[in-house]
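A.B. asks: A structural model of the following input is requested.
(one chain, ligands or ions: 2)
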Amino acid sequence: VPTIPLSAHRSRGAAILAVGALTAGPLVGCSSAPATEPGTATVTTTTTVPATTTTVPAAIDTIDVERYDLDLVYSVADRLLAGTASLEVIVTDAAAPLTLQLRGPRATAVRVDGAQAQFRQSAGDLVITPAGTVTDGTHLAVQVDYEGTMGTPKDANGTAYGWIATPDGAQVLSQPDGAPTWYPVHDTLTDKASYDIHVSVPQGLTAVANGELTGEKDSGGRTTWSWHAAEPMTAYLATVSIGDYTLTTQTGPGGLPILNAVDRDLDAQTASDITAALELQPTILDFLVRTWGPYPFSTSGAIVDDDRLDYALETQTRPIYASYLDDSTLTHELAHQWFGDSVGIATWQDIWLNEGFATYSEWLWSAEQSWGQSVQASAEDAAARPADDPFWAVTIAAPTRAQLFDRAVYERGALTLHALRELIGDDAFWAVARAWASSNAGGTVTTAEFEGLATQESGTDLTAFFRTWIHSAGKPDLAAGH
Ligand code: TRP
Ligand code: ZN
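C.D. replies: Ligands and ions are numbered 1, 2, ... in the order given. Now for the predicted structure:
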């Protein structure tokens, strides 16, 4: 099987060209695992979001989905996904058409409160016309039957995302707008919901999703795996991974159940590296709990597949990792459980809050290790780039669609937190961080709210600080402290 250039590397190159950089390469949280050609996918679902769009288009907030129940049947050999999605919907603006996103798979029937409903699907939207009267506050049971041949969808930068068909199953990671490639969804950051996900796969394969395993049932040569994610979850953080997995368990801080799915087909060296890394999970979780406060969910774990994934994602409760895994990456994705997952962002412009806290967590973890370096040294490394380095050309609180995963979002984000800590002092900084995590748990936040909390907790006017660090490009005058 020929090795091909990693699509994400190409995309990062492209992303960085967009800001004039000459050096590519992310980020913590991403690996350089070799990729292999994804078989012969002839059907490819592609997104139509242009890379130059400032923001990822969000669905209009006219409904509030409380719960998704996804019944999926996947045929690995022909990459056929057949699903029934049952949604509990509250209408918040009855004047607007009832609209979900579904891009790629085709809806074949829609029922609202049990009655057949008219629908049309175009440009990634599924617009439903309920037969009965709908007013603001009406609760609707919306059921969508759908099916599609799955391929390798690409995000606006060309990175594989969404439901990615693999030779022995699938990997699903949908940041930023890949969720509609596999289920009908209200794909907007501010609408969190609970999920039940049932996946029927050929017997012998394992289907892993978010939350707790609630059932495993064999019938007619197939196994149905059932998962329950009780805590509110944003669409892009939902996952299903199908493969030759071995499930293992660990126990985290306070008895937290940890469930890992690791591919049996990994080569021996990679498998032993991954086992060694995963052994650190309880320790890392304990470190994060001590640093940021209580773990926000009822379960944790990891998904590691052998198929051509070249970045990790903080899928809720159970991050997906590339087959290269180390303690920094684990720390990064697990820190996202607090920042990104529990404390969600309201718009993609706020992504520096996710990546800044996750990267800062890596710096803090490193500082505790015998092999590691101090947080100050990590900050100095990041800041050592000369002022004309394209790294400094990104305004991190206003990334374009193509800049969402630029290094600056991660490292300038972490530097901002470090500079804030130096400016307001440890006591105020940790008060801000802990209040941020606890008071916004399960919700969504904006950059303005973070600025407000930091200002309030420190009793300092931080207008100039935030203007310099997050609302402007250019290298800040580090000697000045802000
Ligand atoms: N946000 C992910 C993380 O920090 C990484 C990620 C998601 C990514 N999509 C990407 C990186 C596309 C590069 C390209 O763990
Ligand atoms: Zn991240």
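
A.B. asks: buried set for stretch 226-246?
C.D. replies: Buried residues in stretch 226-246, counted by 16 or more other CB atoms under 10 Å: 226-229, 231-245. Where you see a C-beta, it was placed from the backbone N, CA and C, and this is true even at glycine.

A.B. asks: no wait, stretch 138-149
C.D. replies: 138, 140, 142-146, 148-149.

A.B. asks: now do the helices in the stretch 301-450 of the chain.
C.D. replies: 327-338, 351-368, 375-383, 407-424, 426-439, 447-458 (DSSP state H, counting those that start in this stretch).

A.B. asks: try the stretch 1-150 of the chain
C.D. replies: Under DSSP H, counting those that start in this stretch, the stretch 1-150 of the chain gives helices at 7-18.

A.B. asks: would you agree Ile274 is in contact with Val262?
C.D. replies: Yes - at 6.1 Å, Ile274 counts as touching Val262 under the criterion of CB atoms under 8 Å.

A.B. asks: residues in contact with both of the two, list them for me.
C.D. replies: Val304 (CB atoms under 8 Å, 6 or more residues apart in numbering).

A.B. asks: about what we covered before: how about the helices of the stretch 301-450 of the chain, which one is nearest Gln101?
C.D. replies: Ranking the helices of the stretch 301-450 of the chain by proximity to Gln101 (CB to CB) places helix 351-368 first, at 19.7 Å.

A.B. asks: quick one: average pLDDT of that closest one?
C.D. replies: The average pLDDT within helix 351-368 is 98.

A.B. asks: what of stretch 264-282?
C.D. replies: Mean predicted confidence for stretch 264-282 is 96.

A.B. asks: name the residues that touch it?
C.D. replies: So stretch 264-282 is contacted by 168, 243-246, 248, 250-253, 258, 260, 262, 300, 302, 304, 306, 323-327, 330, 334 (CB under 8 Å, 6+ apart).

A.B. asks: next one: it to chain centre, how far?
C.D. replies: Here the centre of stretch 264-282 is set off from its chain's centre by 22 Å, with CA atoms, centre = their mean, to the nearest Å.

A.B. asks: re the thing from before, with mean neighbour count and distance to ligand 1 added, can I get the helices of the stretch 301-450 of the chain in TSV?
C.D. replies: Putting the helices of the stretch 301-450 of the chain into TSV (neighbours: other CB atoms under 10 Å; distance: least, CB to the nearest ligand atom, whole Å) gives the following:
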stretch	mean neighbour count	distance to ligand 1
helix 327-338	25	6
helix 351-368	24	6
helix 375-383	17	16
helix 407-424	23	7
helix 426-439	16	18
helix 447-458	18	17
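
A.B. asks: for ligand 2, which of those is the nearest?
C.D. replies: The closest of those to ligand 2 is helix 351-368. By CB to the ion, the value is 4.4 Å.

A.B. asks: mind checking which of Ile274 and Val262 has more residues around it?
C.D. replies: Val262 (24 against 21; other CB atoms under 10 Å).

A.B. asks: now Ala387: closest residue in space, sequence neighbours ignored.
C.D. replies: Of all residues not flanking Ala387 in the chain, Lys475 sits nearest, at 4.3 Å (CB to CB, 6 or more residues apart in numbering).

A.B. asks: okay, the one you found: pLDDT?
C.D. replies: 97.

A.B. asks: isn't it right up against Val394?
C.D. replies: No - the pair Lys475 and Val394 fails to qualify as a contact (CB under 8 Å) at a distance of 11.2 Å.

A.B. asks: between those two, who's got more neighbours?
C.D. replies: In terms of neighbours (other CB under 10 Å), Val394 is the more surrounded of Lys475 and Val394; the figures are 24 against 16.

A.B. asks: ok, Gly104 - contacts?
C.D. replies: So Gly104 contacts 45, 148, 150-151, 153, 162-163, 180-182 (CB under 8 Å, 6+ apart).

A.B. asks: any chance of those residues in CSV, with pLDDT and distance to Glu66 too?
C.D. replies: Listed next are the contacts of Gly104 as CSV, based on pLDDT from 0 to 100; distance: CB to CB, whole Å:
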residue, pLDDT, distance to Glu66
Thr45, 37, 27
Gly148, 98, 25
Met150, 98, 27
Gly151, 96, 31
Pro153, 97, 27
Gly162, 98, 24
Trp163, 98, 23
Pro180, 98, 19
Thr181, 98, 23
Trp182, 98, 20
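
A.B. asks: which of those fall in strands?
C.D. replies: Among these, the ones falling in strands (DSSP state E) are 148, 162-163.

A.B. asks: going by distance to ligand 1, which of those residues wins?
C.D. replies: Nearest to ligand 1 among the ones in strands among the contacts of Gly104, counting by CB to the nearest ligand atom, is Gly162 at 11.0 Å.

A.B. asks: my read: that closest one touches Trp182, true?
C.D. replies: Yes - the criterion here is CB under 8 Å, and Gly162 meets it with Trp182 at 6.2 Å.

A.B. asks: between the two, what contacts are shared?
C.D. replies: Common neighbours of Gly162 and Trp182 (CB under 8 Å, 6+ apart) are 104, 172, 174.

A.B. asks: Gly162 and Trp182: who's more crowded?
C.D. replies: Between Gly162 and Trp182, Trp182 has the larger neighbour count (other CB under 10 Å), namely 31 against 28.

A.B. asks: quick check: that one vs ligand 2, distance?
C.D. replies: 21 Å (CB to the ion, to the nearest Å).

A.B. asks: residue contacts, the nearest residue to that residue once chain neighbours are set aside?
C.D. replies: With CB to CB, 6+ apart as the criterion, Trp182 has its nearest non-adjacent residue at 3.8 Å, and that residue is Trp163. Going by CB under 8 Å, 6+ apart, Trp163 touches 45, 81, 104, 150, 153, 170, 172, 178, 181-182, 240.

A.B. asks: quick one: which of those residues is nearest Arg385?
C.D. replies: Gly178 (31.1 Å).

A.B. asks: which residues does the residue nearest to that closest one when sequence neighbours are not counted form beta bridges with?
C.D. replies: In this structure, Gly178 finds its nearest non-sequential neighbour in Gly162, 3.2 Å apart by CB to CB, 6+ apart. Gly162 has these beta-bridge partners by DSSP bridges: Leu173.

A.B. asks: so what's Gly162 up against?
C.D. replies: 45, 47, 104, 153, 172-174, 178-182.

A.B. asks: rerun at 7 Å
C.D. replies: Shown in contact with Gly162 (CB atoms under 7 Å, 6 or more residues apart in numbering): 45, 153, 172, 174, 178, 181-182.

A.B. asks: show me the contacts for Pro296.
C.D. replies: Counted by CB under 7 Å, 6+ apart, Pro296 has contacts 337-338, 342, 441.
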